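Enquirer: Any chance you can model this:
(2 chains)
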Amino acid sequence: MTLSAFDRLTGPALIVSAAILGVSTLIEWTPDFATEFRDGDTQIALEDSLNKVVPIRDLSVSGWNGLRYGLFGEMLEGGIAGRSGWLFTSEEYSEPDDYEVRFQQNIDILISNAKSLEAMGTKVTIAIVPDKSRIVAEYTRHPKSKWLEDRYDAILHVLTDSGIRAIDLRPALVAIGHEGFLAQDTHWSAAGAKTAADAIASAIGPHGEATFNTVQTSTISYTGDLTNFVGAGLFAENLGLGPVNIPQFVTTEILAKQDADFALFGDERKITGAVVGTSYSAVLHWNFLGALKEALSADILDHSVEGKGPFVPMKDYISNLRKEDAPEFLIWEVPERYLTVTPKNI
Amino acid sequence: MIFSTNLFILVFLPLFLAIYYLTPQRFRSAIILIASYAFYGWWRVEYLGLIFGISLVSYIAGLVAYSERSEGTRKAALWVGVVVDLAALAYFKYATFFMVNADFVSRSMGGDGFNVIHILLPIGISFHCFQSISYVIDMYRRSVTPPKNVIDFLTFGAFFPQLLAGPVLRYKDLADQFNNREHTLNGFTQGAYRFVQGLAIKVLIADTIAPLADRIFIISNPTFIESWLGALAYTFQLFFDFAGYSAMAIGLAAMVGFKFVENFDNPYISKSITEFWRRWHISLSNWLRDYLYIPLGGNRKGELRTYINLWLTMVLGGFWHGANWTFLIWGAWHGSIMAVERRLGVKGTASVYPRVISLPLTFVLVVIGWVMFRSITVSGAFSMYSGMIGINGFGIRPDILWQFRPTELIMLAVAIFISFLPIWSKFNLGQLPPMIKAVVYTTLAILALSRIAAQSYAPFLYFQF
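Expert: Predicted coordinates for the structure are as follows:
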């Protein structure tokens, strides 16, 4: 019986194809053989560096992830797809086994840090940033557990009972709905940041007599951070995950004429306020600091840090703070999910 | 090195095959040996000496056991070979387990305990030792003639397609093939097809289902649906992972002219646990039968002793899988059921259970066993069992539901379909016309390779046995 050419040649063809791909990979590969081949670490590092230069890698990553998102609304670990192209961080849904212990520990940190600052003469206001999925729930697909739904109230109650001033930002943010957050980013929009700042000012009143003015200076093309959890790369724009235009704002102080005339030679004015927080405050795109200055009529120094959660920046701030430099007031911006979840890069 | 990696598929395999086929026939065993040592050494080069040492001792012991005239000397050589192999396995795999348990017992009785040393488990050591033991015993039994040279035996011991995760080979099954095997384009292609098939089911099915199982097995109090979903996910993840690996091993061997034994035969359509062990990890169950069950006496020493031998064989077989009480209990579970089935007269019958329930019942018994097998601790397994009988509630909780991915559930459904299809159909890809077969396997290869390029590394489950 004559064997088909396919039965004879497909095998060699597959191996030759693999070899061609392999040679293309090796040409791009720049292995580091400097470390010794002990304990398997060198081999792992070499394989990782090889994997990065496989010619089909980008197309494969984009293809598989794009297919999963496009067909099933599935994201990589860390993200949850909502409706109408809205994306959410899975941190807002995460409920670790020991979440009650974590909650209590983090509440205790909030209270003790606030009281430490107040002992130095600083009036502390904690602004709990609600989960995006809480504010724009109509764009979510998955229900949350009762404990997660009640978490925001629980935080407010404990802080208030402890004598710490805590601001409920939910009513203000719900009022502006989807305009308060970016659809494909973890964070609030500039409008959401301003709304939050105004809500804080409504609750605690102005803290100075300065006048600040915010103007839109430009728009920029911005890609939401949550699109990284889709990983559709080459096909991102086809799936509606491309960059969007967001307005950029700048807040400047308007000095009274005599103050402007003497500004160069006048006494240095003490900055009375501080804000400590996360990327909701640190990232300039949202202009939360500018909005706070305008709403509170006071100059404020920003001690926020991206990517470290709310507790590390505050710990660093307090450890470097001298009593004589303590601000009159401090806004501590705390995303609610970090009461029970540790940021991934901590 | 792992088969489902870019390094193996794009670099090691083409390079090895090119050198192999350019080498004259008489040097090809040496090429396989060098490639196999490079393959193993890629994990930890310092452990190559261990593999070489076990093989060398077994080779010498086997030669003496075969060729000596004195029965006493032959038996001594047998004991030396088997004891050295078992000692290596005992040290690397079980020493820490025994130390931890001795420490626990000592402290429980008020003692000071022991200083527990954690010993790194060399990959593939379990398979390697079992193959070496089978060789020494077969040489003593004179059921195989000695290898023509030590290179052939070292190659058998280190042969990279099966070194890390089987099948458990016996020298007598491969002996003739070292000097007398066919190399044809058709054989090469069929081997490539088999490799692609194994790669596809491991990468596309097993690796997709794995996170679903992992996620549920860490829940402390899973509900009824959560626990059964997790148990089923693991059941099919394990099968497609291990069967995929075995298929790759068989395919790789075929590409260089070797014929390996089949390791799986649709195990989830079994109608008894006894039948299950004729379909699951066939090479291991054959090994356990020939080198443990029969030397223990098999069924030759009366009814009660038969059941004890069955049970003991399965317990030790379970322990071979891992140094943990969970594996011992899993082995005891299977051994107990097999003893009961033997008592009910399973030998020579299709099943001892009523026909209508034999398959689903056997499947459920297997799944229950896999929960113990997968769990890190015995208490963890019982946490899953509590869920499986509904103690923790019924439905899927919101904090779990959002974590499910559609692709995981779809692939689980695909896995279930493929596993039970043989009940109704004898279809397999080999029946397709050659051109269609070529297109199908090429497509699977592209999908699997692109998936490997896209995903992070996921280890084989039978890797550290």
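
Enquirer: Strands of chain A, residue ranges please.
Expert: A:79-81, A:87-89, A:123-129, A:165-168, A:211-222, A:244-254, A:273-276, A:300-302, A:329-335 (DSSP state E).

Enquirer: how far out from the middle of the chain is the last one?
Expert: The reference is to strand A:329-335. 15 Å (C-alpha atoms, centre = their mean, to the nearest Å).

Enquirer: Could you list the paired strands of that strand along with their orientation?
Expert: strand A:123-129 (parallel), strand A:273-276 (parallel) (DSSP bridges).

Enquirer: Please identify the most buried of the ones you listed.
Expert: strand A:273-276 (a mean of 25; mean count of other C-beta atoms under 10 Å in any protein chain shown). No exception for glycine: its C-beta is placed from N, CA and C like everyone else's.

Enquirer: quick one: contacts of that one?
Expert: A:122, A:207-208, A:281, A:288-289, A:292-293, A:296, A:298-304, A:310, A:313-314, A:317, A:327-333 (C-beta atoms under 8 Å, 6 or more residues apart in numbering or on different chains).

Enquirer: cool, and stretch B:291-298?
Expert: With C-beta under 8 Å, 6+ apart as the criterion, stretch B:291-298 contacts B:130, B:133-134, B:137, B:305-306, B:309-310, B:312-313, B:316-317.

Enquirer: Quote the end-to-end distance of that stretch.
Expert: 10 Å (C-alpha to C-alpha, to the nearest Å).

Enquirer: so how many other residues sit close to the residue of the stretch 251-400 of chain B found nearest chain A?
Expert: Closest approach between the stretch 251-400 of chain B and chain A, counting by C-beta to the nearest C-beta: B:D399, at 4.1 Å. B:D399 sits with 19 neighbouring residues when counted by other C-beta atoms under 10 Å in any protein chain shown.

Enquirer: same check, this time on A:A298
Expert: Neighbours of A:A298 (other C-beta under 10 Å): 21.

Enquirer: need the contact list for it.
Expert: By C-beta under 8 Å, 6+ apart, the neighbours of A:A298 are A:206-208, A:210, A:272-273, A:329.

Enquirer: what residue ranges in chain B score low on pLDDT?
Expert: B:456-465 (pLDDT under 70).

Enquirer: Repeat the analysis, applying 50 as the threshold.
Expert: B:457-465 (pLDDT under 50).

Enquirer: could you point out which element follows the longest helix anywhere in it?
Expert: For chain B, the helix reaching the highest residue count under DSSP state H is reported as helix B:224-255. In the C-terminal direction, the helix or strand that comes right after helix B:224-255 (DSSP states H and E) is helix B:273-279.

Enquirer: Dump that following helix to PDB, keeping only the CA atoms.
Expert: This file holds the C-alpha atoms of helix B:273-279, laid out as PDB (Å, rounded to 0.1, in the frame of the first residue of the first chain):
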ATOM      1  CA  ILE B 273     -11.500   0.300  40.300                       C
ATOM      2  CA  THR B 274      -9.800  -2.900  39.300                       C
ATOM      3  CA  GLU B 275     -10.500  -2.000  35.700                       C
ATOM      4  CA  PHE B 276      -9.400   1.600  36.300                       C
ATOM      5  CA  TRP B 277      -5.900   0.300  37.200                       C
ATOM      6  CA  ARG B 278      -5.800  -1.500  33.900                       C
ATOM      7  CA  ARG B 279      -6.400   1.800  32.100                       C
END
